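# Okay, sequence plus prediction incoming.
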Amino acid sequence: MKTFIYFVRHAESPYIEGMERTRGLSDKDKLDTLKINEILKDEEIDLFI
């Protein structure tokens, strides 16, 4: 059995003073998540962290 680990990280997160722990992704990175989803859609991924 082989184990593959994919590291995927967003590049931008808009800075909002006082909301550092809850800020989301930039609009560009929201679109990038769709691209990553397309790339990995046929992989049999058991766990996301």
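Here it is on my side, so go on. Residues are numbered from 1 along each chain as shown.
# Just the helices from the chain, written as ranges.
27-40 (DSSP state H).
# shaky segments in it?
Residue ranges of the chain with pLDDT under 70: 10-11.
# Can you tell me the closest non-neighbouring residue to Tyr6?
In space, and not counting its chain neighbours, Tyr6 is closest to Leu40: 6.7 Å by Cβ to Cβ, 6 or more residues apart in numbering. C-beta here means a position set from N, CA and C on the backbone, and glycine is covered the same way.
# What about Gly24, how many residues nearby?
Look at Gly24: counted by other Cβ atoms under 10 Å, it has 12 neighbours.
# cool, Glu43 as well?
For Glu43, the count of nearby residues is 9 (other Cβ under 10 Å).
# And it, how close does it get to Tyr6?
8 Å (Cβ to Cβ, to the nearest Å).
# What of Ser13?
Taken as Cβ to Cβ, the span from Ser13 to Tyr6 is 20 Å.
# Equivalent analysis for Asp42, please.
Where Tyr6 is concerned, Asp42 sits at a distance of 13 Å (Cβ to Cβ).
# quick one, which of these two is more surrounded?
The residue with more neighbours, out of Asp42 and Tyr6, is Tyr6; 10 against 7, by other Cβ under 10 Å.
# residues contacting that one?
By Cβ atoms under 8 Å, 6 or more residues apart in numbering, the residues touching Tyr6 are 40, 43, 45.
# Now do stretch 9-21: distance from first to last residue.
Start-to-end span of stretch 9-21 (Cα to Cα, to the nearest Å) is 16 Å.
# So what touches it?
For stretch 9-21, contacts defined as Cβ under 8 Å, 6+ apart pick out 23-26, 28-29, 32-33.
# Over to stretch 36-45?
4, 6, 8.
# can you do 10 Å?
Residues external to stretch 36-45 that are found in contact with it (Cβ atoms under 10 Å, 6 or more residues apart in numbering): 4, 6, 8, 10, 29.
# which ones among those are found in strands?
Judged by DSSP state E, the contacts of stretch 36-45 include no members of strands.
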